[in-house]
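Visitor: sequence and computational prediction follow.
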Amino acid sequence: MNYEIVCGIETHIELATKTKIFCGCTTEFGGEPNTHCCPVCTGQPGSLPILNQKVVEYAIKAGLALNCKINTKSHMDRKNYVYPDLPKAYQISQYDEPLCEKGYIELDSGKRIGITRIHIEEDAGKLIHENGYTYIDYNRSGVPLIEIVSEPDISSAEEAKEYAEKLQLIMRYIGISDCKMQEGSMRCDVNLSLRKPGDPRFGVRTEIKNINSLSFIQKAVMAEAERQADILDAGGTIVQQTMRYDEGTNSTTPMRDKENSDDYRYFPDPDILRFSIDDEKVEEIRTSLPELPFDKLKRYVNVLGLPEATAKQISRYRKVAEFFEGALAEGASVKNTANLIVGTIFSNMDTEEEKELFAVRISAAQFAALVKLADEKKINIGFAQSTLQKMLESGKPVEEFIKPEDLVGISNEELESLCKEAVDANPKAVADVRSGKDKAINMLFGYIMKKTGGKADIRKAEVLLRKLIGQ
Amino acid sequence: MRTGISELAIRLRNREISAVELTKAYIDAIEKLNPTLNAYVHLTFDTALKAAEKADQMLKEDDAPLLCGIPMALKDNICTDGLTTTCCSKILKGFKPYHDATVWEKLKAHGAVLLGKTNMDEFAMGSTSETSCYGAPLNPRNTNYVTGGSSGGSAAAVCANLAVYSLGSDTGGSIRQPASFCGVVGLKPTYGAVSRYGLIAYGSSLDQIGPLTNSVKDAAIVFDAIKGGDKRDQTSVDYDYGSSLAECLDRDVKGMRIGVAEEFFNGINPEIKSKIEEAIKLFEINGAVIENIRLPALKLALPVYYIIACAEASSNLGRYDGIRYGYRTSFYTSIEDMIVKTRSEGFGDEVKRRIMLGTYVLSSGYYDAYYKKACLIREEINREFDAVFEKCDVLVAPTAPNTAFPLNYKGASPVEMYLSDICTVPVNIAGVPAISVPCGEDARGLPIGMQIIGRRFDEATVLQVAHFYEQIAGKVIGAYEGGAGI
Ligand SMILES: [Zn+2]
């Protein structure tokens, strides 16, 4: 039978603040166990939390980027449960007054996935099981998190993946998290149920916990939807439970719950006063937000006239987009700038991470200086590409590779005589072109380029050559 | 009359006595009397003598603080870096904190000399100090009676002159009630006036640290030293008190509006009632205007207090699981088993009772009926106090409905015991300051305490009225000499 997928995603994102949410300890990843700790984040008796204002600011950034309403009055709650990695036996979180509510992410199809809420909370420590003992590392304890809860608007595995991908992209763009799923700085829990098409009622849902890659989100949704469909087809009922996705077998299996009950006995944390954020502060954060990737994409296509594929590649990475726009601001042309980034610079970067980091050794201005030479046809594009490659490798400016005398363009007379020379020197190629093997003209281009050190305007040369060959 | 802090400070500066000599006198007294009184549970004589030597150095300077070289005590729920702090609970046996409470940090900077940590009800839960895992302290005024609680050891130490002053904590009367039972002065400051950082939490929205002393002036001196905002406690307030409160105590009560609410006098022992009424007469004779006011929501203060305090406690005490510090059970089969056994063995009955009560009132299905309702009534109580303080400068009330209970008083059920907090808990709920000053004795010679309650952050008026009473009453009731004999 056919079923409709009803899916929502809860995403935990570690914020990239320098210090933890309630103390001054560093949030740096790694470090010897229990070295990034103090009385506050290990829950020592008598210690008290102080809310890090940067965390509030970052969460508001996330909210604004996801089109949320910001609750300017908010408070922290205690979520009580017992687990050895939770040193106070409660997690300081937000229950009924989240910082942000009612936003959305727009998919490529134009469909909007609603964001129910975003709240701030603290991470727990980590249990390490070794030689029959359990050790606890509290370095992560107190690292700030935001939890982003989507509406159950997602109705396919592809949408689930796209939602998470877009979310990751936006969070990286606004610089509040590196969102590395393998390192756990972005973690997704997927809620999923099935229903018959058109049925307004929701089916019983299951939750797939801690999915740690974007492609696994897609696979996990498919696997769980299949599992549920098989049960329903066989006349069975779905049990509400927590599932684990196993990438080896590409299947979902029930997980043993670490808590016996779901009664977290939430209540307002008496150690942290209710707080309010002024509207001006929200506006200040709003204006500090960078243009988001999808807005950039639209602008690149509609205003700058870039092809969508190129625009997508550039707008996807904040630093690339900044480099691109920086070169444009120096007066470089849109087309040459974009093509040199995607064609030459990206050919040096194999991974997403490298493009994300975009550690190039030249500045946007130095890059623009080169692009402008091509724009003004003082050098041809092939020569620009090879020169750019040398600049990237050495970190040296364009003047190091192109001498002023190189820039003296080839005069029309010179080019004409060169073309004649080329035709005379390559009778076979000329014959081939005449007989329809058009590629043979490249031989003639090569001759001219070699003679001019790559400076000749190849389009002009082509016109002259074809005239001489008699085409 | 016992020598006050300012007189001792003069003698220290005049080299009539050194801080080391003074400290040794107190150490001798503690060694002699503490085995009986059990006021102290951890002694820190080595650190005390070192601190006294340092204080003697500081005293050579003209600007040495008033509290420099003065021997004192801290309640066992105030964290002291490297010095045992247990809340008198088996579950924290041997616990040495890695941090100092802000109050202790401040007092250390003043050159204070810490003699030891004082006995208390386990996790400050109790009204007699008998729930201490070290056994109850005895009331120095009559050792057949309790000290009150939960800061019983702090009150006993000051009463018996085993410390010049001490700090206690007050969640529902835990400074004022033992002060009343032992015939000393106890000040519970405004919520937020003193940092709670390093105070091991019981009811976080109610807890407040304050001094127990032999005189109102001493209480003002100590409060001056410990008050102030703290960047490590978000609930603390950097209130501008202007000058030192100890220097502004002299003010008569002429024209002052003193409120008397009959709700504070319901069910009060008649002997106590008449003593407080005598004191009110005294104020009136001296020109105060007595306002009879009503605080109808007060009858709900006790359940509100027990719901909120226990709810917060159930969460605050969740961290004692045997994993990171304190007591851990010897035999267990899994982490879960270890946590359950550690807590079952480590906590006493009263603590367990309050954790269960607090867990219950926060549980889903009961939250609205108990915790949420209690918070709403708390707001109503606050509004009534605000309205009353429009008409009055201070309120006068008994500190406790009774004088000290006999030790091991079997007649009291837990609920009866909770009733003894009736006069003190409304003050914590409203977060206002209040002081308990000695106000005569009952027929058995047991001290009676009078409570003076003020507006938020108006400790100045509270202390002035108390000081006036102390002077005009013409006698110092805490006349129990002995101890250090200083
Ligand atoms: Zn920390």
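Guide: Nice, I can see it.

Visitor: so what's the residue in the stretch 51-200 of chain A positioned nearest to the ion up against?
Guide: Residue of the stretch 51-200 of chain A nearest the ion, by Cβ to the ion: residue A:142 (5.6 Å). Heads up, the C-betas are built off the backbone N, CA and C, glycines and all. By Cβ atoms under 8 Å, 6 or more residues apart in numbering or on different chains, the residues touching residue A:142 are A:20-23, A:25, A:40-41, A:122-123.

Visitor: 7 Å - rerun?
Guide: Listed by Cβ atoms under 7 Å, 6 or more residues apart in numbering or on different chains, the contact set of residue A:142 reads A:20-23, A:25, A:41, A:122-123.

Visitor: and if you look at residue B:197?
Guide: A:46, A:48, B:101-102, B:230, B:232-233.

Visitor: element containing the residue located most distally from the centre of chain A, please.
Guide: Within chain A, residue A:424 marks the point farthest from the mean C-alpha position, 55.2 Å out by Cα atoms, centre = their mean. Using DSSP states H and E, residue A:424 falls within helix A:412-425.

Visitor: what packs against that helix?
Guide: helix A:441-452, helix A:458-469 (3 or more Cβ pairs under 7 Å, 6 or more residues apart in numbering or on different chains; DSSP states H and E).

Visitor: buried residues in it, which are they?
Guide: Using 16 or more other Cβ atoms under 10 Å in any protein chain shown as the test for burial, helix A:412-425 gives A:415-416, A:418-419, A:422-423.

Visitor: counting neighbours, what do you get for residue A:458?
Guide: 15 (other Cβ atoms under 10 Å in any protein chain shown).

Visitor: er, residue A:191 I mean
Guide: Residue A:191 is flanked by 18 other residues according to other Cβ under 10 Å.

Visitor: cool, and residue A:265?
Guide: Counted with other Cβ under 10 Å, residue A:265 comes out at 25.

Visitor: and for residue B:15?
Guide: Residues near residue B:15, counting by other Cβ under 10 Å: 10.

Visitor: surely it is in a strand?
Guide: No: Residue B:15 sits outside any strand when classified using DSSP: H, G, I helix; E, B strand; the rest coil, being coil.

Visitor: right, and residue A:312 touches residue A:300 too?
Guide: No: judged on Cβ atoms under 7 Å, residue A:312 makes no contact with residue A:300 at a distance of 8.5 Å.

Visitor: counting neighbours, go ahead and name the busier of the two.
Guide: residue A:300 (23 against 18).

Visitor: could you measure from residue A:438 over to residue A:429?
Guide: 11 Å (Cβ to Cβ, to the nearest Å).

Visitor: more neighbours: these two, which one.
Guide: Set residue A:438 next to residue A:429 and count neighbours by other Cβ under 10 Å: residue A:429 wins out with 21 against 11.

Visitor: OK, contacts around the more buried one?
Guide: A:440, A:443-444 are the contacts of residue A:429 under Cβ under 7 Å, 6+ apart.

Visitor: what do you get if the cut-off is 8 Å, keeping everything else the same?
Guide: Counted by Cβ under 8 Å, 6+ apart, residue A:429 has contacts A:440-441, A:443-444.

Visitor: I'd guess the residue of the stretch 51-200 of chain A closest to the ion is in a strand, am I close?
Guide: No: secondary structure assignment (three-state DSSP) places residue A:142 in coil, not in a strand.

Visitor: please name the residues that touch residue B:128.
Guide: B:121, B:136, B:146-149, B:152, B:405, B:409, B:417.

Visitor: swap that for residue A:269, please
Guide: A:49, A:75-78, A:92.

Visitor: what do you get for residue A:394?
Guide: Here residue A:394 is in contact with A:361, A:400 (Cβ under 8 Å, 6+ apart).

Visitor: at 6 Å instead, please
Guide: By Cβ atoms under 6 Å, 6 or more residues apart in numbering or on different chains, the contact set of residue A:394 is empty.

Visitor: distance of it from residue A:366?
Guide: When distance is defined by Cβ to Cβ, residue A:394 is 11 Å away from residue A:366.

Visitor: before we move on, what about residue B:421?
Guide: Applying Cβ to Cβ to residue B:421 and residue A:366 gives a distance of 76 Å.

Visitor: of these two, which one has the most company?
Guide: Shown here are residue B:421 and residue A:366; by other Cβ under 10 Å, residue B:421 has more neighbours (24 against 18).

Visitor: isn't that one up against residue B:173?
Guide: Yes: judged on Cβ atoms under 6 Å, residue B:421 makes contact with residue B:173 at a distance of 5.0 Å.

Visitor: re earlier: need the contacts of residue A:429 in TSV with neighbour count, can you?
Guide: Shown next, in TSV, are the contacts of residue A:429 (neighbours: other Cβ atoms under 10 Å in any protein chain shown):
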residue	neighbour count
A:440	18
A:441	21
A:443	16
A:444	25
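
Visitor: and the strands in the stretch 201-350 of chain A?
Guide: For the stretch 201-350 of chain A, strands defined by DSSP state E, counting those that start in this stretch occupy the ranges A:206-211, A:242-246, A:251-254, A:267-268, A:275-276.

Visitor: tabulate these (TSV), appending mean neighbour count, mean pLDDT and distance to chain B.
Guide: Converted to TSV, those look like this (neighbours: other Cβ atoms under 10 Å in any protein chain shown; pLDDT from 0 to 100; distance: least, Cβ to the nearest Cβ, whole Å):
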stretch	mean neighbour count	mean pLDDT	distance to chain B
strand A:206-211	20	90	19
strand A:242-246	17	90	18
strand A:251-254	16	90	20
strand A:267-268	22	96	6
strand A:275-276	13	92	9
